[in-house]
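> next input, structure requested:
(2 chains)
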Amino acid sequence: MVEIIPKETAKLPGWLNNLLFAFLIILLLSLLSYFILNSSVKRASNVLQSLTTTLNELRSQERSAAEREVLKYNNKIGYFFQLLDGHLETAKLFNLIEGSTHPQIWFTKFNLNAAGDKAVFSGKTRNFANLGQQILIFKQSSWASATELQKVSISKEGNVDFELLVSIKPGILK
Amino acid sequence: MSRFNLIDFIPFVIIGLFVFSLILGPTLLWPKYQTLKEYQNNINLKEIEIEEQEQYFADIAAIKAKLEQNSEAMAKIDSALPDSIEIPSLLNFIQLACSQSGLVLESISPFSVAAVSGMTNVKEISMSLKVSGSYVAVKSFLSVIEKSARLVEAEDISFTSPTNNQDLFTVAIKIKVYSY
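Numbers count the residues shown, from 1 in each chain, chains lettered A, B, ... in the order given. The predicted structure follows:
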């Protein structure tokens, strides 16, 4: 039978319609966000690349050379003062020794180890009294920290031969 | 026979959209967002690095200018700690110091070069000299070398007194100089 009156089209329920609409909007927003994010990532990548180039250009040959020179002098000055602090001046010790030598003592050998602050004196004198006085003079001097009699003997001529190890006070040779 | 009706498919479309939205977020948007965040962090770090580098090179330039202003002091440091060992000029200096002090330079031992511990690039050159002359001349020589512009140190000194007063002292001196 022919339908003269058309059937009413079934309508979508309101809530389903809203849900469809909401999901369509979510989908569109998601796609839009994706494109925005994608373009932002590309822009950020370009900025990063340009910043990397700028950073590399900062280290020009001229600047690197200046940096090397400054660092070299920085180290050199530091080391210079370090070496200067430990610089030994042995020449002044001789004046101190001259001022601390007994008139009756004859030094025959002298050995100075400046780095170890030690000096070995070999000498001769007429008697033990002079030697004792010499040891006392060294002990009381401003530059010797310790005096040790290492060897003593009487020579054929009747002189007293001796060897003294003298420790020099730290800082005297600097 | 039932007719095709689009409305019947709407719930499936909604479910499809829902599932698609659920997949789209974690698979496309979140990784892109993470990448962007990473780029932005890197950009911030690079900007800080550029700023620091600019400051660093500005400081370097300022220090270099100061060094150039104090060129006289730098020249003294350079002569105390020369960039090369410069053995011929050192030997020339020793020979001159000997003759100025009245000593005869009898021999020079082969020199040895060693690195100084704790001082990068600093080298220590040691050599032994044998000189002869009076006691006063020896003292004068030591004073000259130890007060010279180049850092010279007499490390070991040993001598034996001459047997009679006319004889000269023969002195063995181990010296040490430095270079950078």
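> flag the shaky bits of chain A, pLDDT-wise.
For chain A, the stretches with pLDDT under 70 are A:1-10.
> and the longest strand along it, how far out from the chain middle?
What stands out as the longest strand in chain A, according to DSSP state E, is strand A:144-154. Distance of strand A:144-154 from the chain centroid (C-alpha atoms, centre = their mean, to the nearest Å) equals 42 Å.
> for it, packing partners?
Here strand A:144-154 touches helix A:128-140, strand A:160-168, going by 3 or more C-beta pairs under 8 Å, 6 or more residues apart in numbering or on different chains; DSSP states H and E. (C-beta placed from N, C-alpha, C; glycine too.)
> pairing partners for that strand, with directions?
strand A:160-168 (antiparallel) (DSSP bridges).
> now do the longest strand of chain A against helix A:128-140, angle only.
Angle of strand A:144-154 versus helix A:128-140, following axes from the mean of the first three to the mean of the last three C-alpha atoms, to 10 degrees, is 160 degrees.
> for strand A:144-154, buried residues please.
A:144, A:147 (16 or more other C-beta atoms under 10 Å in any protein chain shown).
> distance check, residue B:163 against chain A.
Separation of residue B:163 from chain A (C-beta to the nearest C-beta, to the nearest Å): 9 Å.
> do the same with residue B:30
With C-beta to the nearest C-beta as the criterion, residue B:30 and chain A are 10 Å apart.
> residues near that residue, how many?
By other C-beta atoms under 10 Å in any protein chain shown, the residues close to residue B:30 number 12.
> over to the one 3 residues further on?
Residue B:33: 16 surrounding residues under other C-beta under 10 Å.
> ok, and the closest non-adjacent residue to it?
Nearest residue to residue B:33, sequence neighbours excluded (C-beta to C-beta, 6 or more residues apart in numbering or on different chains): residue A:37, at 6.0 Å.
> state whether the one you found and residue B:31 are indeed in contact, as I suppose.
No. Taking C-beta atoms under 8 Å as the definition, residue A:37 is not a contact partner of residue B:31, at 9.4 Å.
> is there proximity between the host helix or strand of residue B:98 and chain A?
For residue B:98, the element it lies in under DSSP states H and E is helix B:87-101. No. Counting by C-beta under 8 Å from any C-beta of the partner chain, chain A is not contacted by helix B:87-101; separation bottoms out at 10.7 Å.
> so what touches that helix?
The contact list for helix B:87-101 (C-beta atoms under 8 Å, 6 or more residues apart in numbering or on different chains) reads B:104-105, B:108, B:111, B:125, B:129, B:131, B:133, B:137-138, B:140-141, B:144-145, B:148, B:150, B:175, B:177.
> so among those, which ones count as buried?
B:105, B:125, B:129, B:131, B:133, B:137-138, B:140-141, B:144-145, B:148, B:150, B:175, B:177.
> confirm residue A:103 sits in a helix?
No. Residue A:103: not assigned to a helix; according to DSSP: H, G, I helix; E, B strand; the rest coil it is coil.
> for it, what are phi and psi?
Note on residue A:103: its backbone torsions stand at phi -60, psi -20 [degrees, to the nearest 10].
> tell me which residues in stretch A:17-26 are buried?
A:19-20, A:23, A:26.
> what about the helices in chain A?
A:14-58, A:61-85, A:91-99, A:128-140 (DSSP state H).
> OK, contacts around the nearest residue to residue A:163 once chain neighbours are set aside?
Distances taken as C-beta to C-beta, 6+ apart put residue A:151 closest to residue A:163, at 4.0 Å, once the chain neighbours are dropped. Taking C-beta under 8 Å, 6+ apart as the criterion, residue A:151 is in contact with A:122, A:161-163.
> out of the buried ones among the contacts of helix B:87-101, which touch chain A?
Within these, nothing lies near chain A by C-beta under 8 Å from any C-beta.
> just the closest of the residues you listed to residue A:80, please.
Nearest to residue A:80 out of these is residue B:150 (C-beta to C-beta; 11.4 Å).
> next up, phi/psi of that closest one, please.
Per degrees, to the nearest 10, the backbone of residue B:150 is at phi -90, psi 140.
> now the one 3 residues further on
In terms of degrees, to the nearest 10, the main-chain angles of residue B:153 are phi -130, psi 140.
> my guess is it contacts residue B:142. True?
No. Checked against C-beta under 8 Å, the pair residue B:153 and residue B:142 is beyond contact range at 10.1 Å.
> identify the contacts common to these two.
residue A:90.
> any idea whether the spatially most central residue of chain B is helix, strand or coil?
With distances taken as C-alpha atoms, centre = their mean, the residue of chain B nearest its centroid is residue B:120 (6.1 Å). Following three-state DSSP, residue B:120 is assigned to coil.
> burial measure for the closest residue to it other than its chain neighbours, as a count.
Residue nearest to residue B:120 in three dimensions, not counting chain neighbours: residue A:75, with 6.6 Å by C-beta to C-beta, 6+ apart. Neighbour count of residue A:75, defined by other C-beta under 10 Å: 15.
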